[in-house]
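Enquirer: mind looking at a prediction? Sequence and model below.
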Amino acid sequence: MDKVLPVVGGLAGLWTASKIIPVMYRWELIPGVASEEWWARAKTIRYDHYTEGIVYSPYDTGEPIREMPEECRGKMLLKQRRGGWKLQSEMEE
């Protein structure tokens, strides 16, 4: 029994890993490893938008948002010369 249980446990672990690791790969949960879908999407990303003021949204809709949403205007925190922070909307008033 002392020799059989470790073998059974190892086989159960291998079977579980064979079911879980492909899902982790596809969902990009393995650090430092990217799936084929990620590489295909990375080829379509344009990295020259840094001067155009792209507003990043939490969802990838395929087309970047180029205008600031109205509810976000004036919400940037600005550091003051004498210390402290103020909202951009407070500075414009």
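Expert: Here it is on my side, so go on.
Enquirer: Q88 and M76 touch, don't they?
Expert: Yes: applying C-beta atoms under 8 Å, one finds Q88 in contact with M76, separated by 4.4 Å. Every residue, glycine included, has its C-beta placed from N, CA and C.
Enquirer: could you pick out the longest helix of this protein?
Expert: If you go by DSSP state H, the chain has its longest helix at helix 4-26.
Enquirer: L78 falls within a strand, correct?
Expert: Yes: under DSSP: H, G, I helix; E, B strand; the rest coil, L78 falls within a strand.
Enquirer: for S89, give its distance to R73.
Expert: S89 sits at a distance of 8 Å from R73 (criterion: C-beta to C-beta, to the nearest Å).
Enquirer: just W85 next, same as before
Expert: Distance of W85 to R73, given as C-beta to C-beta: 18 Å.
Enquirer: who's in contact with the residue most central in space within the chain?
Expert: The centroid of the chain falls nearest to P58 when counting by C-alpha atoms, centre = their mean (8.9 Å). Counting by C-beta atoms under 8 Å, 6 or more residues apart in numbering, P58 makes contact with nothing.
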